[in-house]
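> coords please:
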Amino acid sequence: MFSVIPTLPRGWQCAYYVLRIKPRRRMKLVTSFNAIAPPRNPCLLQRTTPSLSFFSLIMADRFNKVLLLDGRGHLLGRLAAIVAKQVLLGHKVVVVRCEGINISGNFYRNKLKYLAFLRKRMNTNPSRGPYHFRAPSRIFWRTVRGMLPHKTKRGQAALERLKVFDGVPPPYDKRKRMVVPAALKIVRLKPTRKFALLGRLAHEVGWKYQAITATLEEKRKEKAKIRYTKKKTEIKLSKLAEKNVESKISKYTAVLKQYGVLV
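The predicted model follows:
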């Protein structure tokens, strides 16, 4: 059929033949070649699992971390666009205080737009959808969903990496929250422009938990104030203790500075 190339290893010769044969006969020959002469390089005829490199492990650790965002003071569409991109890239994102998100434009104008959206329903059986969420967190979630291919497996997996909350529930109340400068209202909107608060808009279209969320937020801030006062006291005492033993550990400090451990 073909002349054998002596310079190629036996497994490579098998692969060379298989690639030159017509596709309809290729599957039968792959089986026969593997039985007669198992290839020295199995990657040519069968799939192998790639080994994880050090860089892959670093990236995996990075993507396992949760990005905690504070929604207060951000513009709805801009924040949703950035969050949608991050969850598609594989990051886990949590957005808290969704009731503090802003929408550009007059409040009444935004309310009329949402009331028009509420009228869009299935005529014969409204329970089949479309579904109109009232909670600010779910309104934001639906905005992000509209920016994802949520009907594909990739989009569904991305949407599962997103969590949204009204207020700041545990355990996120004791963690550092981040902001997105590119989506902040104070940065992106002119001072003279009007804006609407998502919490107020949700309340006026049927959200029932505005007062409860506000009460829980007040309690959380009181606890956070006590915790921060305690933390400041501990830091002050720690610095005082370091100053008291500074003379005793000066020789050790000099050695550590010499080798670059302390700066």
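
> mind listing the strands for this structure?
Secondary structure of the chain, counting by DSSP state E: strands at 66-70, 92-96, 102-104, 162-164, 195-197.

> of those, which approaches residue 242 most closely?
Distances from residue 242 to each of the strands of the chain were compared using CB to CB; the shortest belongs to strand 66-70, at 31.0 Å. In this view, the C-beta of every residue, glycine as well, is placed from N, C-alpha and C.

> What residues sit buried inside that closest one?
Of the residues in strand 66-70, those buried by neighbour count under the rule 16 or more other CB atoms under 10 Å are 68-70.

> ok and that strand relative to strand 92-96, angle-wise?
When axes from the mean of the first three to the mean of the last three CA atoms, to 10 degrees is applied, the directions of strand 66-70 and strand 92-96 differ by 20 degrees.

> what about strand 66-70, average pLDDT?
Averaging the model's pLDDT scores along strand 66-70 yields 96.

> again, but for stretch 108-118
Stretch 108-118 shows a mean pLDDT of 97 in the predicted model.

> One more: stretch 143-154?
Stretch 143-154 comes out with an average pLDDT of 98.

> Name the residues of that stretch that are buried.
Taking 16+ other CB under 10 Å as the basis for neighbour counts, the residues of stretch 143-154 that come out buried are 143-145, 147-148.

> about what we covered before: between the buried residues of strand 66-70, which is nearest residue 127?
residue 69 (33.2 Å).

> From residue 259, how far off is that closest one?
According to CB to CB, to the nearest Å, residue 69 stands 40 Å off from residue 259.

> and what of residue 66?
36 Å.

> try residue 166
Taking CB to CB as the measure, residue 166 and residue 259 are separated by 51 Å.

> Which of those two has more residues huddled nearby?
Neighbour comparison, residue 166 and residue 259: the larger count goes to residue 166, with 26 against 7 (by other CB atoms under 10 Å).

> Poorly predicted segments of the stretch 51-200 of the chain, please.
51-63 (pLDDT under 70).

> Which stretches in it count as helices?
Read by DSSP state H, counting those that start in this stretch, the stretch 51-200 of the chain holds these helices, from start to end of the chain: 54-64, 76-89, 107-118, 136-145, 153-160, 185-188, 198-204.

> for the third one, packing partners?
Under the contact definition 3 or more CB pairs under 8 Å, 6 or more residues apart in numbering; DSSP states H and E, helix 107-118 sits against strand 195-197, helix 198-204.

> List the buried residues in the longest one.
Translated: helix 198-204. Taking 16+ other CB under 10 Å as the neighbour-count basis, helix 198-204 is seen to contain the buried residues 198-203.

> Please apply the same query to stretch 123-133.
Buried residues in stretch 123-133, counting neighbours by 16+ other CB under 10 Å, are found at residue 132.
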